[in-house]
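*Asks:* sequence first, then the predicted structure, then my questions.
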Amino acid sequence: MENGDKKGSKSGEGGQERGQIVCVAVIAPNNALLYMRVMNAKQKQGEAEESGWRQMQEVVYNSLDVVEERVWSAKGRGGGAVGRESDGYVGCLAVVGRTCVYGSVSKSAYKTIVVVREGRDGAQHNGVRAALAAIGEALVAALMNCALTPRHALRARRFDRRLLSIAADFGDAP
(Lines give C-alpha, C1' and ligand atoms only; values in the text may rest on other atoms or scores of the structure.)
Protein backbone atom coordinates (compact mmCIF):
# COMPACT_ATOMS: atom_id res chain seq x y z
CA MET A 1 0.00 0.00 0.00
CA GLU A 2 1.47 3.25 -1.07
CA ASN A 3 0.79 6.91 -0.50
CA GLY A 4 -0.43 6.51 3.06
CA ASP A 5 -3.37 4.24 2.19
CA LYS A 6 -2.91 2.35 5.45
CA LYS A 7 -5.80 2.76 7.82
CA GLY A 8 -4.90 4.93 10.78
CA SER A 9 -1.80 6.51 9.30
CA LYS A 10 -1.36 10.07 8.12
CA SER A 11 0.55 10.95 5.00
CA GLY A 12 2.82 13.82 4.33
CA GLU A 13 3.97 15.06 0.94
CA GLY A 14 5.27 12.31 -1.30
CA GLY A 15 3.21 9.65 0.51
CA GLN A 16 5.46 9.36 3.53
CA GLU A 17 3.86 8.01 6.69
CA ARG A 18 3.65 10.66 9.43
CA GLY A 19 4.03 10.22 13.17
CA GLN A 20 1.05 8.84 15.08
CA ILE A 21 -0.03 8.97 18.73
CA VAL A 22 -0.47 5.38 19.87
CA CYS A 23 -1.06 5.88 23.59
CA VAL A 24 -2.13 8.65 25.97
CA ALA A 25 -2.00 8.28 29.74
CA VAL A 26 -2.92 10.64 32.57
CA ILE A 27 -1.35 10.02 35.94
CA ALA A 28 -2.55 11.52 39.24
CA PRO A 29 -0.16 13.35 41.60
CA ASN A 30 0.08 10.15 43.68
CA ASN A 31 1.13 8.22 40.50
CA ALA A 32 -2.22 6.42 40.18
CA LEU A 33 -3.27 5.75 36.60
CA LEU A 34 -6.37 7.88 35.94
CA TYR A 35 -6.72 7.35 32.22
CA MET A 36 -4.99 5.34 29.55
CA ARG A 37 -6.00 4.91 25.94
CA VAL A 38 -4.09 2.68 23.54
CA MET A 39 -4.89 3.65 19.96
CA ASN A 40 -3.94 0.70 17.80
CA ALA A 41 -6.75 -0.21 15.43
CA LYS A 42 -4.92 -3.21 13.98
CA GLN A 43 -4.70 -5.23 17.20
CA LYS A 44 -6.50 -8.54 17.40
CA GLN A 45 -9.12 -9.20 20.03
CA GLY A 46 -8.43 -11.06 23.27
CA GLU A 47 -4.92 -11.81 24.44
CA ALA A 48 -3.12 -9.69 21.84
CA GLU A 49 -5.18 -6.63 22.81
CA GLU A 50 -4.56 -7.21 26.52
CA SER A 51 -0.86 -7.77 25.85
CA GLY A 52 -0.60 -4.47 23.91
CA TRP A 53 -2.36 -2.59 26.71
CA ARG A 54 -0.07 -4.11 29.34
CA GLN A 55 3.00 -3.34 27.26
CA MET A 56 1.96 0.33 26.98
CA GLN A 57 1.17 0.43 30.69
CA GLU A 58 4.70 -0.80 31.40
CA VAL A 59 6.19 1.83 29.07
CA VAL A 60 4.11 4.56 30.77
CA TYR A 61 5.07 3.52 34.30
CA ASN A 62 8.74 3.18 33.41
CA SER A 63 8.71 6.68 31.95
CA LEU A 64 7.32 8.07 35.23
CA ASP A 65 10.75 7.51 36.78
CA VAL A 66 12.26 9.86 34.18
CA VAL A 67 9.54 12.45 34.82
CA GLU A 68 10.14 12.33 38.58
CA GLU A 69 13.90 12.59 38.07
CA ARG A 70 13.54 15.65 35.84
CA VAL A 71 11.08 17.33 38.22
CA TRP A 72 13.39 16.83 41.19
CA SER A 73 16.41 17.91 39.18
CA ALA A 74 14.63 21.15 38.13
CA LYS A 75 13.66 21.84 41.76
CA GLY A 76 17.19 21.09 42.92
CA ARG A 77 18.60 23.70 40.55
CA GLY A 78 16.35 26.33 42.07
CA GLY A 79 13.84 26.28 39.25
CA GLY A 80 10.27 25.41 40.06
CA ALA A 81 9.13 24.69 36.53
CA VAL A 82 10.04 21.68 34.46
CA GLY A 83 11.36 22.43 31.01
CA ARG A 84 12.45 25.74 29.60
CA GLU A 85 9.04 27.32 29.85
CA SER A 86 6.47 26.99 32.58
CA ASP A 87 4.17 24.84 30.41
CA GLY A 88 5.41 21.69 32.15
CA TYR A 89 6.80 20.07 29.00
CA VAL A 90 9.35 17.47 30.06
CA GLY A 91 10.39 16.36 26.57
CA CYS A 92 11.36 12.96 25.25
CA LEU A 93 11.47 10.47 28.11
CA ALA A 94 12.45 7.32 26.23
CA VAL A 95 12.80 5.76 22.82
CA VAL A 96 11.36 2.25 22.52
CA GLY A 97 11.77 0.72 19.07
CA ARG A 98 9.96 2.97 16.60
CA THR A 99 8.18 4.87 19.35
CA CYS A 100 9.13 7.88 21.46
CA VAL A 101 7.64 8.60 24.87
CA TYR A 102 6.99 12.24 25.79
CA GLY A 103 5.65 13.81 28.94
CA SER A 104 4.44 16.90 30.70
CA VAL A 105 3.58 17.80 34.28
CA SER A 106 0.81 20.20 35.25
CA LYS A 107 1.16 22.77 38.01
CA SER A 108 -1.02 20.53 40.18
CA ALA A 109 1.34 17.57 39.53
CA TYR A 110 -0.85 15.61 37.10
CA LYS A 111 1.38 13.90 34.55
CA THR A 112 0.53 13.32 30.90
CA ILE A 113 2.44 10.68 28.97
CA VAL A 114 2.14 10.35 25.18
CA VAL A 115 3.64 7.52 23.15
CA VAL A 116 4.25 8.46 19.52
CA ARG A 117 5.04 6.05 16.69
CA GLU A 118 7.74 7.51 14.49
CA GLY A 119 6.72 8.30 10.94
CA ARG A 120 8.98 7.72 7.97
CA ASP A 121 9.46 11.45 7.60
CA GLY A 122 10.57 11.87 11.24
CA ALA A 123 7.87 14.51 11.81
CA GLN A 124 6.66 13.17 15.15
CA HIS A 125 8.53 15.87 17.09
CA ASN A 126 6.77 18.77 15.41
CA GLY A 127 3.41 18.56 17.14
CA VAL A 128 4.19 16.80 20.41
CA ARG A 129 4.40 19.92 22.57
CA ALA A 130 1.16 21.29 21.07
CA ALA A 131 -0.58 17.92 21.52
CA LEU A 132 0.50 17.74 25.17
CA ALA A 133 -0.74 21.31 25.74
CA ALA A 134 -4.10 20.45 24.16
CA ILE A 135 -4.38 17.30 26.28
CA GLY A 136 -3.57 19.40 29.37
CA GLU A 137 -6.39 21.80 28.50
CA ALA A 138 -8.80 18.89 28.01
CA LEU A 139 -7.71 17.43 31.35
CA VAL A 140 -8.37 20.69 33.18
CA ALA A 141 -11.84 20.88 31.62
CA ALA A 142 -12.56 17.25 32.57
CA LEU A 143 -11.35 17.71 36.14
CA MET A 144 -13.50 20.79 36.56
CA ASN A 145 -16.59 19.05 35.18
CA CYS A 146 -16.57 15.79 37.11
CA ALA A 147 -16.23 14.68 40.69
CA LEU A 148 -12.85 13.01 40.36
CA THR A 149 -10.71 11.97 43.25
CA PRO A 150 -7.12 10.79 42.78
CA ARG A 151 -8.17 7.21 43.55
CA HIS A 152 -10.74 6.97 40.73
CA ALA A 153 -10.24 6.58 37.01
CA LEU A 154 -11.17 9.46 34.73
CA ARG A 155 -14.29 8.44 32.82
CA ALA A 156 -15.51 11.43 30.90
CA ARG A 157 -16.82 10.88 27.37
CA ARG A 158 -16.02 14.43 26.34
CA PHE A 159 -12.41 14.00 27.50
CA ASP A 160 -12.11 10.71 25.62
CA ARG A 161 -13.54 12.22 22.42
CA ARG A 162 -11.22 15.24 22.72
CA LEU A 163 -8.16 12.98 23.08
CA LEU A 164 -9.20 10.94 20.06
CA SER A 165 -9.53 14.19 18.10
CA ILE A 166 -6.08 15.38 19.23
CA ALA A 167 -4.57 12.02 18.26
CA ALA A 168 -6.28 12.08 14.86
CA ASP A 169 -5.04 15.63 14.17
CA PHE A 170 -1.50 14.90 15.36
CA GLY A 171 -0.23 13.55 12.04
CA ASP A 172 -1.42 16.75 10.34
CA ALA A 173 0.64 19.02 12.63
CA PRO A 174 3.04 21.32 10.76
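*Replies:* Perfect, I can see it now. Residues are numbered from 1 along each chain as shown.
*Asks:* rest of the way, CA atoms for contacts and neighbours
*Replies:* Fine.
*Asks:* tell me the mean pLDDT over the host helix or strand of Val67?
*Replies:* Here Val67 is covered by helix 47-76, with elements defined by DSSP states H and E. For helix 47-76, the mean per-residue pLDDT is 82.
*Asks:* show me what counts as buried in that helix.
*Replies:* By neighbour count on 16 or more other C-alpha atoms under 10 Å, the buried set for helix 47-76 is 49, 52-53, 56-57, 59-61, 63-64, 66-67, 70-71, 74.
*Asks:* and Arg117, how many neighbours?
*Replies:* By other C-alpha atoms under 10 Å, the residues close to Arg117 number 21.
*Asks:* which helix or strand lies directly C-terminal to the least confident helix or strand in the chain by mean pLDDT?
*Replies:* Least confident element among the helices and strands of the chain, by mean pLDDT, DSSP states H and E: helix 47-76 (a mean of 82). Going down the chain from helix 47-76, the next helix or strand is strand 89-96, by DSSP H and E.
*Asks:* and that following strand, which strands flank it?
*Replies:* Taking DSSP bridges as the criterion, strand 89-96 forms sheet pairs with strand 99-105 (antiparallel).
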